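Visitor: One predicted model, sequence on top.
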Amino acid sequence: MSEQDLKLGYIGLGNQGAPMAKRLVAWPGGVTVFDVRAEAMTPLAELGATLADTVADVAEADVICITVLNDDQVRDVVGQLAEHVKPGTVIAIHSTISPETAVELAAQLEPQGIHVVDAPVSGGGGAADKGELAVMVGADRETYQRIKPIFKQFASLVVHAGEPGAGTRMKLARNMLTFTSFAAACEAQALAEASGIDLQQLGRVVRHSDALTGGPGAIMARDDTRPLSPDHFLYDMFVHTRGLGEKDLSLALALGDAVDVDLPLAKIALQNLAAGLGVPHVSEQE
């Protein structure tokens, strides 16, 4: 059977799942969709998807994508599918769940010849609608190569993170960065507001400059987190970044003291920036 002949299934048509499933409707082998809300399936039917009455009806598919709310729902859906799917079926979990859940489900169903992979996504419903998601896949290499063309229907970046569970671990690290950055943004707004700055204007500046510099992702170019050697291609650049960061963080903390705003994240950033960049000060290495 060629990749194009694979029959697809999709379970969970919420804000994330619906646009992902929509991108699969044109797949040559067809797609069968299911959601507990009948109204969620109607737009997919109008586009040509086959509607299922139950989870079991999706089990005839060769590759089944799942986007439900949490670990309990994932376990429930996978458990129902396991009673009906044939050996060789791939069940791809796109929900953000515990890495242990993906590992356990993969191990449980492996003896039946069923491949459970975790493939969480990043980018939101808007990116799914445009086919621009990032997908982080935890699967054996052969299964990854088999399902990658399918994921490319709704993603512009598909990464093989490693064995089952690795996709979720990568997603958790990525989301930790997002929400820690949000907390830092809230702290920056508190400082700006207390010092008389218009928050709307600050937001415009941040969005503009992040689009140019790449934000936190701009420094994520290393293979490991060990200190850099002086001959490393990033060393001089990161020493420069360290100097700018420590100067600006010190100035921000001084401003916070002046306007009586506590900046705990900025204090931690000042403390950890050098070592985090891989260019610790000499005293930190002793």
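Guide: In hand now; what should we look at?
Visitor: For the rest of this, base every contact and every neighbour count on C-alpha atoms.
Guide: Noted.
Visitor: if I pick residue 56, what's in contact with it?
Guide: Residues counted as contacts of residue 56 (C-alpha atoms under 8 Å, 6 or more residues apart in numbering) are 80-81, 84.
Visitor: Most neighbours among the residues you listed, which one?
Guide: Across those, the neighbour count under other C-alpha atoms under 10 Å reaches its highest value at residue 81, namely 19 neighbours.
Visitor: got the contact list for it?
Guide: 55-56, 58-59.
Visitor: cutoff 10 Å now
Guide: Under the criterion of C-alpha atoms under 10 Å, 6 or more residues apart in numbering, the contact partners of residue 81 comprise 55-60, 64, 75, 91.
Visitor: what's the spacing between it and residue 276?
Guide: Distance of residue 81 to residue 276, computed by C-alpha to C-alpha, to the nearest Å: 44 Å.
Visitor: Kindly report the same for residue 22.
Guide: When residue 22 is compared with residue 276 (using C-alpha to C-alpha), they lie 41 Å apart.
Visitor: Neighbour count for the two, which is higher?
Guide: The residue with more neighbours, out of residue 22 and residue 276, is residue 22; 23 against 14, by other C-alpha under 10 Å.
Visitor: where's that one, which helix or strand?
Guide: When elements are assigned from DSSP states H and E, residue 22 belongs to helix 17-24.
Visitor: May I have that helix exported as CSV, CA atoms only?
Guide: Extracted as CSV, the C-alpha positions of helix 17-24 are listed here (Å, rounded to 0.1, in the frame of the first residue of the first chain):
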residue,chain,number,x,y,z
GLY,A,17,-8.4,19.6,15.7
ALA,A,18,-11.0,21.0,13.3
PRO,A,19,-8.6,23.0,11.2
MET,A,20,-6.1,20.1,11.2
ALA,A,21,-8.7,17.6,10.1
LYS,A,22,-9.8,20.1,7.4
ARG,A,23,-6.4,20.0,5.9
LEU,A,24,-6.7,16.2,5.6
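Visitor: Figure out how far it is from the centre of its chain.
Guide: Offset of helix 17-24 from its chain centre (C-alpha atoms, centre = their mean, to the nearest Å): 17 Å.
Visitor: ok, now stretch 17-26?
Guide: Taking the mean C-alpha point of stretch 17-26 and that of its whole chain, the gap between them comes to 18 Å (C-alpha atoms, centre = their mean).
Visitor: average model confidence for it?
Guide: Summarised as a single mean, pLDDT over stretch 17-26 is 96.
Visitor: Can you turn the buried part of the contacts of residue 81 into a PyMOL selection?
Guide: Restricted to buried positions by 16 or more other C-alpha atoms under 10 Å, the PyMOL selection for the contacts of residue 81 reads:
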select buried, resi 55+56+57+58+59+60+64+91
